[in-house]
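> The following block contains a protein sequence and its predicted model.
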Amino acid sequence: MAPRSYRVSATPFVIFAQLITVAVITLVLVWLLHFQKGFSFKSDERSKLFNLHPFLMVIGLIVIGGQAIMAYKSIPAKRKTRKGVHLVLHLTAFLSGILGIYVIFKYKKEEGAQNFLTLHSWLGITTVSLYGLQFVSGFFAYFFPGAEWTARATLLPWHIFVGMVIFFFAMVNAEIGLSGFSQTVSSFSERYIVNFTGLLILLYAISVTFVVILPGPYQ
Ligand code: HEM
């Protein structure tokens, strides 16, 4: 390891992030299936339609997006395989984000509510748009047709930095969404679950950041 490195490998943070992943999925399912009424795409059960929004955003965009970011350091496989996993997981996260926005638009239309009145909605649409741009630019630079090696190498620190900024946009916006929702809930147990989900998402984003900056175990 270089003398000025952090002298810690990414592995403990990968393990920590995986533990948080299990905890976040559990809390979100308990919240939306036990305390709320579950999920439905049909507009006649509006609260079930709404529930799909936090589900797709937290589990899809953030948890799966974070797994995509960590793929190069968390998966013991050939580089080509890790690259494929990185791509597929990011595509899944992005599609979840699009679907999550579609769902909330549908819900608000049913409610007769106006769109884009909140900071959450502005940051939300910005996040998913930037995610899409980052995905497309990464796809053309590194997957198909792929830029020249020197251009790839020059682009890489920017791809990583911009990717982390977008990931933080998503995390911050989920915190705003969860905080707003928590204030509307009367059950203390449900509030604690929603608040804990927010805390764990923050810890997840920090762990993912450590995984990115620390050296991984695979070449
Ligand atoms: C990165 C994650 C998220 C993104 C990108 C996102 C995006 C959005 C967008 C674009 C809207 C605006 C719809 C409109 O104005 O028509 C919206 C609304 C809403 N979201 Fe999220 N959301 C995220 C996470 C969450 C979470 C975790 C919750 C928690 C319950 C939540 C709760 C809400 C609520 C209550 C609304 C309706 C009120 C409003 O427009 O602010 N969101 N979201």
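Received it, and whenever you're ready, just let me know what you need. Numbers count the residues shown, from 1 in each chain.

> List, one by one, the residues from this structure near the ligand.
Counting by Cβ under 6 Å from any ligand atom, the chain comes close to the ligand at 53-54, 57-58, 61, 97, 101, 104-105, 108, 115-116, 118, 120-121, 124-125, 127-128, 170, 173-174, 177-178, 180-181. For the C-beta atoms, the positions are set from N, CA and C on the backbone; glycine is no exception.

> Just give me the residue closest to the centre of this protein.
With distances taken as Cα atoms, centre = their mean, Ile62 lies nearest the centre of the chain, 1.4 Å away.

> List the contacts of that one.
Ala93, Phe167, Ala170, Met171, Ala174, Ile201, Tyr204, Ala205 (Cβ atoms under 8 Å, 6 or more residues apart in numbering).

> my guess is the fourth one meets Ser207, correct?
Read that as Met171. No: Met171 is beyond contact range of Ser207, at 11.5 Å (criterion: Cβ atoms under 8 Å).

> quick one, helices of this structure?
11-29, 46-55, 65-74, 79-111, 119-138, 149-182, 188-213 (DSSP state H).

> now the ones you listed in TSV, with distance to Phe35?
As requested, these are exported to TSV (distance: least, Cβ to Cβ, whole Å):
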stretch	distance to Phe35
helix 11-29	10
helix 46-55	10
helix 65-74	24
helix 79-111	18
helix 119-138	21
helix 149-182	11
helix 188-213	4
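
> In the protein, where is pLDDT below threshold?
Low-confidence segments of the chain (pLDDT under 70): 1-3.

> Derive a PyMOL selection command for the buried subset of the residues of the chain next to the ligand.
Entered in PyMOL, the line below selects the buried ones among the residues of the chain next to the ligand, by 16 or more other Cβ atoms under 10 Å:
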select buried, resi 53+54+57+58+61+97+101+104+108+120+121+124+127+128+170+173+174+177+178+181
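
> sorry, back to before: could you export the contacts of Ile62 as JSON lines, including distance to Lys80?
Below are these laid out as JSON lines (distance: Cβ to Cβ, whole Å):
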{"residue": "Ala93", "distance to Lys80": "21"}
{"residue": "Phe167", "distance to Lys80": "24"}
{"residue": "Ala170", "distance to Lys80": "27"}
{"residue": "Met171", "distance to Lys80": "29"}
{"residue": "Ala174", "distance to Lys80": "32"}
{"residue": "Ile201", "distance to Lys80": "31"}
{"residue": "Tyr204", "distance to Lys80": "27"}
{"residue": "Ala205", "distance to Lys80": "28"}
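
> Could I have the CA atoms of stretch 202-219 written out in CSV?
Output of stretch 202-219 as CSV, limited to C-alpha atoms (Å, rounded to 0.1, in the frame of the first residue of the first chain):
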residue,chain,number,x,y,z
LEU,A,202,-27.0,7.7,5.7
LEU,A,203,-24.6,5.0,7.1
TYR,A,204,-25.0,3.0,3.9
ALA,A,205,-24.0,6.0,1.8
ILE,A,206,-20.9,6.6,4.1
SER,A,207,-19.9,2.9,3.8
VAL,A,208,-20.3,2.9,0.0
THR,A,209,-18.1,6.0,-0.1
PHE,A,210,-15.4,4.2,1.9
VAL,A,211,-15.6,1.2,-0.4
VAL,A,212,-15.0,3.5,-3.3
ILE,A,213,-12.0,5.3,-1.9
LEU,A,214,-10.3,2.3,-0.3
PRO,A,215,-8.4,-0.4,-2.2
GLY,A,216,-10.4,-3.5,-3.0
PRO,A,217,-9.2,-7.1,-2.7
TYR,A,218,-9.5,-8.0,-6.4
GLN,A,219,-7.5,-6.7,-9.3
